[in-house]
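[1] based on what follows, work out the 3D shape:
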Amino acid sequence: MRRPQHCPQRRPQRRPQRRPQWILAGLSALCLTTALATPAGADGTSNWTVSTSATPRSDVSSLSRTSIADLGTHTLAVPADTVRARLDATIPAGSSAAVDIRGLRADGTWSEWAEARPTAVLPESTRSVQARLVLTDPADVVVRSVTFSASNVGEPRDLTSPDGATFTVFATREGLVGKTTANGHVITARDHFVALPSRRGLSTAGDGEYTVRICTTSGDRCEWAPVWDVGPWNTKDDYWNDPRQSWPDLPQGLPEAQAAYTSGYHGGKDQSGRKVANPAGIDLADGAFRDGLQLTGNAYVTVTYQWSGSGPWGTVAAPAPLTVRSGPDDSARDSGIAVGQAQVRIECQTDGERVDGPSGTSDVWYRLAAGKYLASADVRLETAARECSSQF
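    Predicted structure coming up:
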């Protein structure tokens, strides 16, 4: 099973990438120390501190006014499911700072990010945790250090299900070519990513640890695309979860913006008090909108939040978007797109046309959904898939 690295590694980029919005002082030292297990105290608690004298760069996300710093992956001596974070920082009025935590799950995927307020509860115990610092309107913010304390409370709640959370929501086209997303990605023409109104599922730029499967309501076409931005409308509406971060009185799967637009919920406004002008629960980059789903206008789509599922999975290894086929053959009908680095859930595997790809030469194909196939040669398999009982 492939494990995430403790220190960032260079990997080929499919699109121009902007440098991180934060530069952490002593990054090499940070990587050296976070690779070592932190001894647990007599009470089983692990403590560590990340120090930095850095200040945020001024070229933060032009869409969400957000700056994000990776605080590294930390190995614990004993498993933990609860992490407490304490900031030593100067935060001017009008700005905010938060620490997000996630844990490595038993199947090798990451749990959703959980904000430490001041404690974050993970869905399962883990010995590997990662933290990030999130600043909004970060001008003149100075963060000197973040101190962490991890313990095992024994009350995690795993929100995953075999099939993953799937809901029908309204999709709008993001566009905004040349702007910077919440994770630092600079949007290009015909780009392939999505935005969701909560950073709990925000991937690192260039990676797809949080990937959605977006399909037309007919199911004819689907795209597997990473979450690289936050929006539309809200930034703390993880409507796909139960319980959800905000608006707990709304049913799971109903975006706050949709409730505001269709029934006047919250006075018809979003979290910032803006009048909601459409019911969007997801934004699609131009490539996902026009090429992946071949939409001609904003529309309802069916979205599966792949990280909320369980079972076999892999990472699309090709650097460019791949055509998903209706059968295990390169001549089968084009039925969608799988974006490079997207993490995909695999229903099963079957034999088909022998093809070459980044993962070698093989006649094995993976079924990602009914009538949606991708050659195993184009996928880095993380957990083994069963044989399909039937092709479709």
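[2] can you name the element that comes right after the helix or strand encompassing Ile337?
    Taking DSSP states H and E as the criterion, Ile337 maps to strand 334-338. Once the chain leaves strand 334-338, the next helix or strand it forms, by DSSP H and E, is strand 343-345.
[3] packing partners of that next one?
    Here strand 343-345 touches strand 211-216, strand 313-316, strand 360-369, going by 3 or more Cβ pairs under 8 Å, 6 or more residues apart in numbering; DSSP states H and E. Glycine gets a C-beta too; all of them are placed from N, C-alpha and C.
[4] partner strands of that strand and their direction?
    Strand pairing for strand 343-345, determined by DSSP bridges: strand 313-316 (antiparallel).
[5] what does the partner strand contact?
    Strand 313-316 has contacts (Cβ atoms under 8 Å, 6 or more residues apart in numbering) with 107-109, 208, 224, 306, 322, 338-346, 366, 374, 378-383.
[6] and what of stretch 346-355?
    For stretch 346-355, contacts defined as Cβ under 8 Å, 6+ apart pick out 311-314, 327-331, 361-369, 373, 375-379, 381, 385-389, 391.
[7] out of the helices and strands packed on strand 343-345, the one nearest Asp286 is which?
    Among these, the nearest to Asp286 by Cβ to Cβ is strand 211-216 (13.6 Å).
[8] what sits up against that closest one?
    With contact meaning Cβ under 8 Å, 6+ apart, strand 211-216 is reached by 171, 194, 196, 203, 221-227, 282, 284, 288, 292-295, 299, 301-307, 336, 339, 342-345, 368-369.
[9] filter those down to the ones in strands?
    Residues of these located in strands (DSSP state E): 171, 194, 196, 222-227, 282, 284, 299, 301-305, 336, 343-345, 368-369.
[10] where in the stretch 251-392 of the chain is pLDDT low?
    Applying pLDDT under 70 to the stretch 251-392 of the chain flags residues 391-392.
[11] one more time with 80
    Residue ranges of the stretch 251-392 of the chain with pLDDT under 80: 390-392.
[12] pretty sure Val339 sits against Arg190.
    No. Using Cβ atoms under 8 Å as the test, Val339 is too far from Arg190 to be in contact (11.7 Å).
[13] so which of these two has more stuff around it?
    Set side by side, Val339 and Arg190 show more neighbours around Val339, with 26 against 13, by other Cβ atoms under 10 Å.
[14] list the residues that contact the more buried one.
    192-193, 208, 211, 223-226, 288, 316, 321-322 are the contacts of Val339 under Cβ under 8 Å, 6+ apart.
[15] now the longest strand belonging to the chain, how far from the centre of its chain.
    The residue-count maximum for a strand in the chain (DSSP E) belongs to strand 66-90. Centroid separation between strand 66-90 and its chain, computed with Cα atoms, centre = their mean, to the nearest Å, is 18 Å.
[16] can you list the strands that it pairs with?
    With DSSP bridges as the test, strand 66-90 pairs up with strand 37-38 (parallel), strand 119-136 (antiparallel), strand 142-151 (antiparallel).
[17] residue contacts, the most centrally placed residue in the chain?
    Closest to where the C-alpha atoms of the chain average out (Cα atoms, centre = their mean) is Tyr210, at 2.7 Å. By Cβ under 8 Å, 6+ apart, the residues touching Tyr210 are 112, 201-203, 226-227, 305-307, 343.
[18] give me that answer again for 7 Å
    201-203, 226-227, 307 (Cβ atoms under 7 Å, 6 or more residues apart in numbering).
[19] with Ala116 instead?
    Residues near Ala116 by Cβ under 7 Å, 6+ apart: 83-85, 99, 101.
[20] mind doing that once more with 8 Å?
    Counted by Cβ under 8 Å, 6+ apart, Ala116 has contacts 83-85, 98-101.
[21] what count of nearby residues applies to the nearest residue in space to it that is not next to it in sequence?
    Excluding the flanking residues, the one nearest Ala116 by Cβ to Cβ, 6 or more residues apart in numbering is Ala85, at 3.9 Å. For Ala85, the count of nearby residues is 23 (other Cβ under 10 Å).
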